[in-house]
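Asker: any chance you can model this:
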Amino acid sequence: MVNGVTRVRGVAARAGGWSARHRWAAVVIWVLFVVLAMGIGSATGRVNVKNNQLPGEVGQAQKIIDDAGLKEPAGETIFIQANDNTTKATDPAFRSAVDAVMKAVDSTGQVTKVTSPYTAKTLSKDGRSALVQFDVRGDADTAPDRIAPVLDAVKKVQGEHQGLRIEEIGSASMGKTFKDAFGDDFKKAEYSAVPVALGILLIAFGALVAALLPVALALTAIIATMGLMAIVSHLQPMSDTANSVMLLVGLAVGVDYCLFYLRREREERAAGRDAQTALRIAAATSGRAIIVSGVTVCVAMAGMLFTGLAEFEAMGLASLMVVAVAMVGSVTVLPALLSLLGERVEKGRLPFLNRIKRRKGNHNRNRNGESRIWRAVLGVVLRRPKAALAIAAGALIAIAVPAVGMHTQNLTLDQEFGNSLPIVGTYDRVNQTFPGGASPANVVIKAADINAPEVKQAIADFRTQAISRGASDGPVKVTMHDAENVAVIDVPLIGGSDQKKAEKSLNLLRDHVRPDTLGKVHGLDAPITGQVAGSKDFNAKIVGAVTPVFAFVVVFAFLLMLLCFRSLTIAITSIVLNLLSVGAAYGILTAVFQHGWGASLVGAAGVGAIVSWLPLFLFVILFGLSMDYHVFVVSRIREAKLQGRSTRDAIQHGVVTTAGVVTSAAIIMVAVFAIFGTLSMQSMKQMGVGLATAVLIDATIIRGVLLPAVMALLGERNWYLPKWLHWLPDMTHDESAAVQPAATPYGDEDRDRVVHV
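Answerer: Numbering: from 1, shown residues only. Just a heads-up that it's a prediction; the model follows:
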């Protein structure tokens with residue numbers, strides 16, 4: 001205590017006070033940090049996740065290939081089929097078309113190992129179809145960029161043989177098709193998120209400068225994190241997916257945190273306080289809520305580090321970093337900018353919009369800046385909290401019920417893209433005519449001597465039993481790499497594009513055919529990889545990671561709530577409400593994308609499954625983002641309670657005064673996530689719809705009905721902490737004291753004379 005005024009204890013208040021006093025220094029430090037992070041990151045370059053970091057046998061197979069120094073080429077297939085039931089693959093006209101195809105692709109100079117269907121025996125059982133197979137020269141990663149001349153050559157041959165269907169499919173042609181069709185679309189969705197957020201902020205604030213601040217903070221946090229990702233990638237490899245997730249999370253939390261801070265500062269100035277006092281109050285209240293929320297979100301994102309999946313670890317670390325950067329920026333450079341701008345934060349006001357806002361504002365808000373709409377809703381909830389709790393919780397539980405039967409898998413090509421691309425039809429036709437031919441299993445064999453008699457015999461036995469035991473209809477192809485003592489067996493799986501049937505064939509190979517043949521050779525490794533194996537192994541790894549990730553996130557979030565609010569009740573209700581929100585999101589996803597209820601409304605009819613990585617990803621993201629709103633609302637309720645209000649009045653005041661900022665933040669998130677729900681890729685559509693609906697539910701039913709109903713029923717028990725937990729460190733701060741008018745504003749001569757926060 002100094003002259004009757006207690007020194008600051010809160011980190012957010014101290015940071016805000018320092019920034020307000022040293023505003024130019026705070027801005028320069030932030031700019032230097034962003035520039036240096038991006039500059040160093042660009043200089044070091046980014047290391048991406050490698051295929052040999054994939055889970056299960058898929059990763060083992062890729063490691064054998066990499067260790068042997070083999071460069072797997074991009075394999076392509078040309079599907080030739082008679083349009084009538086009379087023409088056969090052995091007819092002269094058909095043979096002529098096959099020869100023309102082989103000559104055309106070979107003449108491009110882009111291919112090698114062009115194989116005739118008559119020598120490779122890749123003819124269909126009905127004799128109407130054949131496959132011409134070849135490899136694309138050069139690096140498989142760049143093959144999609146070089147496949148166009150081959151596709152043009154095949155298209156030309158098709159024009160000369162109208163009686164036949166001649167189509168190309170393979171990793172290179174599919175890569176090019178997807179890049180052309182969806183690459184730009186996906187980038188546009190990412191880039192359109194910023195103007196959408198800015199537009200909503202303009203409506204919310206009615207002033208250009210005030211609207212630009214949150215977007216500027218979010219963008220600088222994203223830029224800095226991109227540089228940090230490159231630096232960190234030398235320890236933990238990153239990926240393009242992690243970059244996209246980081247952008248989404250960074251935009252969401254960056255805008256949210258700035259919105260919380262800026263709205264509180266404006267609210268205090270509107271109440272008649274001078275700019276410095278308003279800024280001090282915002283730092284002590286919203287600033288603290290931002291730190292609590294940010295740490296909680298970081299903990300949730302850290303849960304992805306426990307999956308054991310390199311892609312998830314990259315996403316988790318990237319998300320964690322952008323949240324931390326946005327949090328630090330919100331409590332440091334933002335107060336400095338607000339101090340510099342002062343009243344100029346209202347510059348660029350939109351007259352027409354502000355006239356509308358004033359008319360609506362006078363109708364929707366009372367003189368204390370509280371939402372009349374939410375006050376009316378809260379009045380009903382607080383009068384009948386039991387009924388409100390029963391109805392809202394019952395509705396969310398009912399929505400969550402379909403999630404009990406959730407089926408996850410890596411989506412097949414036709415599930416991912418439907419009939420939106422011609423190549424999907426080719427994929428289906430190849431799989432129907434040559435089951436498993438479009439996505440065979442690959443047995444990668446490593447032996448001390450690949451040409452040893454017992455190894456050759458085991459390979460021969462494997463080929464025979466793969467067909468005789470019903471895992472494949474053939475042809476089973478073997479590629480030998482004598483110098484590296486490696487062999488690769490390609491096995492078309494019975495089941496083709498039907499994931500469940502194809503997995504049964506894969507299990508037959510792994511559990512029976514392989515042990516009875518290759519497994520009898522001592523020292524021989526033979527992991528089985530491929531698209532079906534990749535889906536199965538990835539799904540198994542995800543399922544195994546669910547329990548540790550859920551436990552980590554829930555336990556640490558509980559502990560953070562307990563320490564920051566010093567209430568066992570608040571900690572428990574926080575976890576329960578957030579789990580209910582996530583459960584409802586799971587239920588909606590399952591109902592729409594798996595069962596098809598209303599799926600046509602979002603262009604998702606016929607998917608039948610949830611992409612395997614999404615449930616765990618959604619849990620971590622939603623749990624983190626839900627805590628944003630929860631911490632902000634509960635902090636305001638606690639502040640009102642510390643000011644002497646009754647629990648009921650504190651609940652009503654806390655909810656209605658935060659309704660505007662929570663609504664604005666939720667609208668931005670819903671709009672940004674909904675953009676991804678419009679993409680043609682079903683996995684992105686599922687992510688967008690899941691995130692958007694969950695945030696909408698969280699900001700309305702959870703925060704507007706369930707939270708106040710539960711707190712009203714609990715009453716004074718909301719602040720209960722048993723005596724046996726009093727030993728816990730006290731991380732709470734008396735925000736109520738900060739709301740009292742300051743005797744003197746921040747100044748260099750008064751830097752130590754501030755309230756206890």
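
Asker: pLDDT below threshold where in the chain?
Answerer: 1-9, 51-53, 181-188, 190, 351-371, 437-438, 497, 606, 731-757 (pLDDT under 70).

Asker: and stretch 116-124, end to end?
Answerer: 14 Å (Cα to Cα, to the nearest Å).

Asker: now stretch 79-92
Answerer: Length of stretch 79-92, first residue to last, Cα to Cα: 17 Å.

Asker: buried residues in that stretch?
Answerer: Judged by neighbour count (16 or more other Cβ atoms under 10 Å), stretch 79-92 contains these buried residues: 79-82, 87-89. Every residue, glycine included, has its C-beta placed from N, CA and C.

Asker: what do you get for stretch 537-547?
Answerer: For stretch 537-547, a neighbour-count test (16+ other Cβ under 10 Å) marks 537-539, 541-542, 545 as buried.

Asker: got the contact list for the residue positioned nearest the centre of the chain?
Answerer: For the chain, the residue nearest the mean C-alpha position is residue 245 (4.9 Å; Cα atoms, centre = their mean). When contacts are counted by Cβ atoms under 8 Å, 6 or more residues apart in numbering, residue 245 touches 315, 318-319.

Asker: re the thing from before, identify the farthest-apart pair in the buried residues of stretch 537-547.
Answerer: 537 and 545 (12.6 Å; Cβ to Cβ).

Asker: on that earlier part again, could the buried residues of stretch 79-92 go into a markdown table alongside secondary structure?
Answerer: Listed next are the buried residues of stretch 79-92 as a markdown table, based on DSSP: H, G, I helix; E, B strand; the rest coil:
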| residue | secondary structure |
| --- | --- |
| 79 | strand |
| 80 | strand |
| 81 | strand |
| 82 | strand |
| 87 | coil |
| 88 | coil |
| 89 | coil |
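
Asker: just the closest of the residues you listed to residue 486, please.
Answerer: residue 79 (28.9 Å).

Asker: which residues are in contact with that closest one?
Answerer: If you count contacts by Cβ under 8 Å, 6+ apart, then residue 79 has 129, 131, 165-169, 426, 429-430, 433 around it.

Asker: could you pick out the buried ones from the residues you listed?
Answerer: 129, 131, 165-169, 426, 429-430, 433.

Asker: so which of those belong to strands?
Answerer: 129, 131, 165-169 (DSSP state E).

Asker: and for the strand or helix carrying residue 416, what are the contacting residues?
Answerer: Element membership of residue 416, judged by DSSP states H and E, is helix 413-417. With contacts defined as Cβ under 8 Å, 6+ apart, helix 413-417 is touched by 174, 178, 423-424, 427-428, 438, 497, 606-609, 680-683.

Asker: go with 6 Å
Answerer: 424, 427-428, 607, 681-682 (Cβ atoms under 6 Å, 6 or more residues apart in numbering).

Asker: closest to residue 489 among the residues you listed?
Answerer: Closest to residue 489, out of all of those and judged by Cβ to Cβ, is residue 427, at 22.2 Å.

Asker: can you tell me how far the residue in the chain sticking out farthest from the centre sits from residue 336?
Answerer: Within the chain, the residue lying farthest from the chain centre (Cα atoms, centre = their mean) is residue 92, at 53.4 Å. Residue 92 sits at a distance of 82 Å from residue 336 (criterion: Cβ to Cβ, to the nearest Å).

Asker: kind regards, and thank you for your time.
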